[in-house]
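coords please:
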Amino acid sequence: MKHLQDTTKLHNDVTMPWLGLGVFKVEEGPGLVNAVKHAIRHGYRSIDTAAIYGNETSVGQAIHEAMQENGIAREELFITSKVWNADLGYESTLAAYQTSLDKLGLDYLDLYLIHWPVKGKYKEAWRALETLYREGRVRAIGVSNFQIHHLEDVMKDAEIKPMVNQVEFHPLLTQQDLLSFTKEHHIQLEAWSPLMQGQLLDNPVLTAIAAKYRKSVAQIILRWDLQHGVVTIPKSTKEHRINENADVFDFELSAEDMAQIDGLNQNLRVGPDPDNFDF
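The predicted structure is shown next:
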């Protein structure tokens, strides 16, 4: 991991950038368009959205304008979206995928995920993702917020194993068992809310480590993700933060500091518990 466009190889040989831009709950409009365009101009190649975020149209506009203005080919970008809980089911997932494509104005997605493991529904949705993948309409498929038992349940009947599992992952929620399981099964773990929605920025352990490396707390956390082999998608609409979040490839945390950050774990979530959620 030497620079912003470095990638990890998924188990189907598709390459995915280690660092991307998340746009969780960012409203449609010029602010979002400008943020995505700035990120791409700065060197980001991965953009992560979802149907429920309600911003795929602005993300798509930004992608098209950025490609045109910067001479970037679609193949250079890695675009992710997710099917929402209300659309889980075979036919409804296929339809939801097409709706996302239409809103984004794209011919295909690089990664499509099941957003949450809704009991009794995610297996049919997974079957739809397998169809999309087999038909060449999406380059990689995966899940989000799946725990070990959800992954085992999917893989029991799946013809294609998930390539990615995107979960809440940060120093207060290290999910070591899940990380080990995904590595063992060659499923790429990806972190959402890596900065715990800003709640970690005053943590004394992290501020001390940040001072030592002359980096921000956010940069320390993102570097910690990367050194654990976890893809990460910090969200920001501020240009200086987008730039700062990308500036994590010129240093390496020591094993000692990695262990110290690991030790902060409290199994604490800012998002819903995948085993007990109601949407």
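
quick one, helices of the stretch 151-279 of the chain?
For the stretch 151-279 of the chain, the helices defined by DSSP state H, counting those that start in this stretch cover 176-184, 204-213, 217-227, 239-246, 255-262.

Need those in a markdown table (columns: mean pLDDT, mean neighbour count and distance to N276).
In short, each C-beta sits where N, CA and C put it, glycine included. Putting those into a markdown table (pLDDT from 0 to 100; neighbours: other Cβ atoms under 10 Å; distance: least, Cβ to Cβ, whole Å) gives the following:
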| stretch | mean pLDDT | mean neighbour count | distance to N276 |
| --- | --- | --- | --- |
| helix 176-184 | 98 | 14 | 16 |
| helix 204-213 | 98 | 15 | 29 |
| helix 217-227 | 98 | 24 | 25 |
| helix 239-246 | 98 | 17 | 31 |
| helix 255-262 | 98 | 15 | 25 |
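
Dump those into a markdown table; add distance to W84 as well.
Below are the helices of the stretch 151-279 of the chain laid out as a markdown table (distance: least, Cβ to Cβ, whole Å):
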| stretch | distance to W84 |
| --- | --- |
| helix 176-184 | 23 |
| helix 204-213 | 33 |
| helix 217-227 | 25 |
| helix 239-246 | 26 |
| helix 255-262 | 33 |
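
And those: which comes nearest R139?
With distances scored as Cβ to Cβ, the stretch of those nearest to R139 is helix 176-184 (19.2 Å).

what helices or strands is that closest one leaning on?
Under the contact criterion of 3 or more Cβ pairs under 8 Å, 6 or more residues apart in numbering; DSSP states H and E, helix 176-184 touches helix 148-157, strand 164-168, strand 188-192.

Relative to G136, which of the ones you listed is closest?
Short answer: strand 164-168, nearest of the helices and strands packed on helix 176-184 by Cβ to Cβ, at 18.1 Å.

follow-up on the earlier one: mean pLDDT added to the helices and strands packed on helix 176-184, as a markdown table?
Shown next, in a markdown table, are the helices and strands packed on helix 176-184 (pLDDT from 0 to 100):
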| stretch | mean pLDDT |
| --- | --- |
| helix 148-157 | 98 |
| strand 164-168 | 98 |
| strand 188-192 | 98 |
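
As a markdown table, these with distance to A125 and mean neighbour count would be great.
Below are the helices and strands packed on helix 176-184 laid out as a markdown table (distance: least, Cβ to Cβ, whole Å; neighbours: other Cβ atoms under 10 Å):
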| stretch | distance to A125 | mean neighbour count |
| --- | --- | --- |
| helix 148-157 | 10 | 15 |
| strand 164-168 | 15 | 25 |
| strand 188-192 | 18 | 24 |
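
Would you mind saying which of the ones you listed lies nearest E124?
helix 148-157 (10.5 Å).

for that closest one, packing partners?
helix 122-134, strand 141-144, helix 176-184.

May I see these arranged in JSON lines, with distance to L201 as well?
Shown next, in JSON lines, are the helices and strands packed on helix 148-157 (distance: least, Cβ to Cβ, whole Å):
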{"stretch": "helix 122-134", "distance to L201": "34"}
{"stretch": "strand 141-144", "distance to L201": "25"}
{"stretch": "helix 176-184", "distance to L201": "23"}
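
closest to E168 out of these?
Of all these, strand 141-144 comes closest under Cβ to Cβ, at 9.6 Å.

which helices and strands sit right next to the closest one?
strand 111-114, helix 122-134, helix 148-157, strand 164-168.

now do 6 Å
strand 111-114, strand 164-168 (3 or more Cβ pairs under 6 Å, 6 or more residues apart in numbering; DSSP states H and E).

on that earlier part again, quick check: which of the helices of the stretch 151-279 of the chain is nearest to L195?
Across these, closest to L195 is helix 217-227 (Cβ to Cβ), at 5.5 Å.
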